[in-house]
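How does the following fold in three dimensions:
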Amino acid sequence: SFDTIIATKVAVANEKLYVNRAEGFMGYGLKKEEYVCDCSDIDDVIVFRKDGKYLITKIQDKSFVGKDITYIAIFKQNDTRTIYNTVYKDGKNGPYLIKRFFVKGITRDKEYDLTKGSIGSRISYFSANPNGEAEIIRVVLKPKAGLRKLNFEEDFSNVSIKSRDAIGNILSKHEIHRISLKEKGLSTLGGRKIWFDEDVLRLNADGRGRLLGEFQPEDKILMISHEGWYQLTNFDLSNHYPDKLILLEKYEHGKLITSVHFDGETGFYYLKRFEIEANDKASYFINNEHPESKLSSLSDDYYARLQVIFGGKDKEKEPLELDAEEFIGIKSYKARGKRISTFEIKKFNWLEPLKHPKQAEESLNENRRNPDEPLEYDVLQPGETSDSPLEQLIVKPAIVEPKPEEQEKPSIKRPTTRKENRKTENTKVEFDDIEFEIEDTRSKEGEDKKPGIDKNGQLTLF
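Model (predicted):
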């Protein structure tokens, strides 16, 4: 038995859609006109015109859908996440109305009207938002007598999403000169789950294939090719991906890649660790300028470990095990890396990491002290040691008693200054009584005896 084949699932984007907005023609045969997007020959196209009319029609080589085309894109059946934000004027003299709506499914080739249907109604502003984004617009009014405020801002997030038949809310009853985008908005619908179908290499929101995750408007998809390059893309469901991919997943900021590549210029294998840099273009992380350069192996483990098996004349050597974190630091994706060995290498095997980022973070948090918890101190005696952190140690100072034989050394007094002399002039100083006598040092015979006078006539003490 044969399984049921869904044509839209296996359809290949083998055509390109073009449009002539002024003349109202669209199709994949208008090679000289404005390019819209890639498409397949069985896709449906939704078209909005300036007069507020819109329709869904099958893509053709060349088809007339009405003049003054405002918006054209591939239509996805039962899509309730693509929200259309618009401002239109009701008739020639009516007010300006603002509305948000989705188009889930309508009859093919039948014209519908997003306005009230009044004659002369025109679209003044229009945007299509794949994930329900709501922007902020700036409205400039035409000058008029008695009109003081000529410009204001309006946020589409304040407008409820309703069906395509809803009339909308009044934005202004005055004539509008210009409406412009002030700020792009975020999704008002929350995240969107995206799957990757490996059979057709396309994204979908229908649950087919491998779930990539829940995406916000600013999220990206990372793809890494066997050819040694990586690229970031949006999660538009019309994206088509190449078949030679090693990795395709939701991009995480700071994503670390460990790669082993052969450099054709030097003739050696190199190991490199690098973080994915935000880049919408294909970025080569091997030497693609040499034809013999090639990507040998790749791992997205943060603490990757590699086993190197030698071959040829060096096959008797023991396998080499490398811890990527210890072997080389994190470099730019443009760096060559670090040479693994000068011996002949047969193959590489990735080993199970000894630790993971979450485990390393948990271990770090266990060693971190909670500032709200009181510290338990270790009291150490002189000469003792402890394994506790420095902040939890209290060391008692050693008390040194002076030895009995040690005597207090005399202090040296500095000379007093004049100011200090003045302060001590009125200070009363008492001295102990000192007994002394005056002795006559001259000979007792034949000389006049004068008490306390030596032969030179000087007064003598003691």
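
so what's residue 156 closest to, chain neighbours aside?
The shortest distance from residue 156 to any non-neighbouring residue, by Cβ to Cβ, 6 or more residues apart in numbering, is to residue 134 (3.9 Å). Bear in mind the C-beta positions are built from the backbone N, C-alpha and C, glycine included.

ok, residue 181 touching residue 137?
Yes. If you go by Cβ atoms under 8 Å, residue 181 and residue 137 touch, sitting 6.1 Å apart.

neighbour count winner among these two?
Legend: neighbour count by other Cβ atoms under 10 Å for residue 181 and residue 137, higher for residue 137 (22 against 12).

ok, now which ones touch that one?
By Cβ atoms under 8 Å, 6 or more residues apart in numbering, residue 137 lies in contact with 87, 125, 153, 154, 156, 179, 180, 181, 182.

let's see 7 Å
Taking Cβ atoms under 7 Å, 6 or more residues apart in numbering, we find residue 137 in contact with 125, 153, 154, 179, 180, 181, 182.

tell me the SS of it?
strand (DSSP: H, G, I helix; E, B strand; the rest coil).

what ranges do the helices span in this protein?
Using DSSP state H, the helices of the chain run over 7-10, 324-327, 357-367, 418-424.

could you measure residue 322 against residue 298, distance?
Counting by Cβ to Cβ, to the nearest Å, the separation of residue 322 from residue 298 is 15 Å.

Please read the previous query as pertaining to residue 340.
Distance, residue 340 to residue 298, by Cβ to Cβ: 14 Å.

shouldn't residue 207 be in contact with residue 195?
Yes. Using Cβ atoms under 7 Å, residue 207 is in contact with residue 195, at 5.9 Å.

Show me which of the two is the more surrounded one.
Applying other Cβ under 10 Å to residue 207 and residue 195 shows that residue 195 carries more neighbours, namely 17 against 9.

which non-adjacent residue is nearest the more buried one?
Spatially, and ignoring its direct neighbours in sequence, residue 195 is nearest to residue 209 (4.7 Å; Cβ to Cβ, 6+ apart).

wait, doesn't that neighbour sit right on residue 200?
No. Here residue 209 does not reach residue 200: they are 8.7 Å apart, not a contact under Cβ under 7 Å.

pLDDT weak spots in this structure?
The chain contains residues with pLDDT under 70 at 1-13, 358-462.

most centrally placed residue in it?
residue 253 (5.0 Å; Cα atoms, centre = their mean).

list the contacts for it?
Going by Cβ under 7 Å, 6+ apart, residue 253 touches no other residue.

Quick check: phi and psi on it?
phi -60, psi 130 (degrees, to the nearest 10).

From residue 222, how far out is it?
Counting by Cβ to Cβ, the gap from residue 253 to residue 222 is 11 Å.

now do residue 354
26 Å.

So the two - more neighbours on which side?
residue 222 (19 against 10).

Who's the closest spatial neighbour of the more buried one, skipping the chain neighbours?
Nearest residue to residue 222, sequence neighbours excluded (Cβ to Cβ, 6+ apart): residue 251, at 4.1 Å.

Equivalent analysis for residue 242, please.
Closest residue to residue 242 apart from its sequence neighbours, by Cβ to Cβ, 6+ apart: residue 225 at 6.6 Å.

Could you double-check that the one you found sits in contact with residue 245?
Yes. With contact defined as Cβ under 7 Å, residue 225 reaches residue 245; the gap is 5.8 Å.

Which of the two has more residues huddled nearby?
Taking other Cβ under 10 Å, residue 225 and residue 245 do not tie; residue 225 has more neighbours (19 against 16).

now the more buried one: how far from residue 216?
26 Å.

go on, residue 210?
Separation of residue 210 from residue 216 (Cβ to Cβ): 19 Å.

Other residues contacting stretch 331-343?
So stretch 331-343 is contacted by 263, 268-274, 277, 283, 285, 308, 310, 314, 317, 320, 327-328 (Cβ under 7 Å, 6+ apart).

Give me the buried entries from these.
Neighbour counting over the contacts of stretch 331-343 (16 or more other Cβ atoms under 10 Å) leaves 263, 269, 270, 271, 272, 273, 274, 285, 308, 310, 327, 328 as the buried ones.

Which of the residues you listed fall in strands?
Those of the buried ones among the contacts of stretch 331-343 mapping onto strands are 263, 269, 270, 271, 272, 273, 274, 308, 310, per DSSP state E.

Widest-spaced pair of those residues?
Across these, the longest distance by Cβ to Cβ is 25.9 Å; it joins 274 and 310.

What residues sit buried inside stretch 60-74?
63, 65, 66, 69, 70, 71, 72, 73, 74.

In the sheet, which residues pair with residue 305? Tell me.
Following DSSP bridges, residue 305 is listed with bridge partners residue 323, residue 351.

What number of residues are in the vicinity of residue 227?
Residues lying near residue 227 (other Cβ under 10 Å) number 15.

nearest spatial neighbour of it, skipping sequence neighbours?
Here the residue nearest residue 227, using Cβ to Cβ, 6+ apart, is residue 244, at 6.5 Å.

Could you report the distance from that neighbour to residue 300?
On the measure of Cβ to Cβ, residue 244 and residue 300 end up 17 Å apart.
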